[in-house]
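Student: sequence-free structure coming up:
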């Protein structure tokens with residue numbers, strides 16, 4: 001069974017940091033494109049960042065709203081992808097999901113493109 005499990009969410013004050021992890025089981029992430037999405041209450045699912053398999057030949061992608069603050073990375077040896085989130089703002093509050101698609105192509109920011117999803121982890125930025 002292919003599973004993605006997100007961890008690392010929580011409550012943080014504005015300006016703080018969190019690191020989300022997306023651990024895969026049942027398959028090897030190194031041949032998958034991986035993305036982070038988020039969904040705030042009453043809003044649609046938004047692409048945050050994505051990274052190509054093996055991080056080779058192309059740069060990660062970021063939504064304009066998180067550029068310079070968030071960093072996506074992958075540790076293929078541990079079958080885990082991370083999202084380092086710095087300088088967090090209240091508008092970053094959402095449930096964050098990781099998603100995967102088996103492909104050698106560059107990642108996309110469209111949720112419809114991904115085949116496998118985690119259950120999500122809540123991030124709340126508030127005083």
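Tutor: Structure received. Everything numeric here is computed off the predicted structure, so don't read it as measured data.
Student: Quick check: phi and psi on the spatially closest residue to residue 30 that is not a sequence neighbour?
Tutor: Counting by Cβ to Cβ, 6 or more residues apart in numbering, the nearest residue to residue 30 once its immediate chain neighbours are dropped is residue 76, at 4.1 Å. In short, each C-beta sits where N, CA and C put it, glycine included. Note on residue 76: its backbone torsions stand at phi -70, psi -30 [degrees, to the nearest 10].
Student: correct me, but residue 76 touches residue 32?
Tutor: No - counting by Cβ atoms under 8 Å, no contact exists between residue 76 and residue 32, whose distance comes to 9.9 Å.
Student: Return the residues in contact with residue 15.
Tutor: Taking Cβ atoms under 8 Å, 6 or more residues apart in numbering as the contact definition, residue 15 lies against 87, 88.
Student: oh sorry, the question was meant for residue 96
Tutor: If you count contacts by Cβ under 8 Å, 6+ apart, then residue 96 has 6, 9, 20, 36, 37, 38, 48, 83, 120, 121, 122, 123 around it.
Student: any idea how far it is from residue 28?
Tutor: Distance check for residue 96 against residue 28: by Cβ to Cβ, to the nearest Å, it reads 23 Å.
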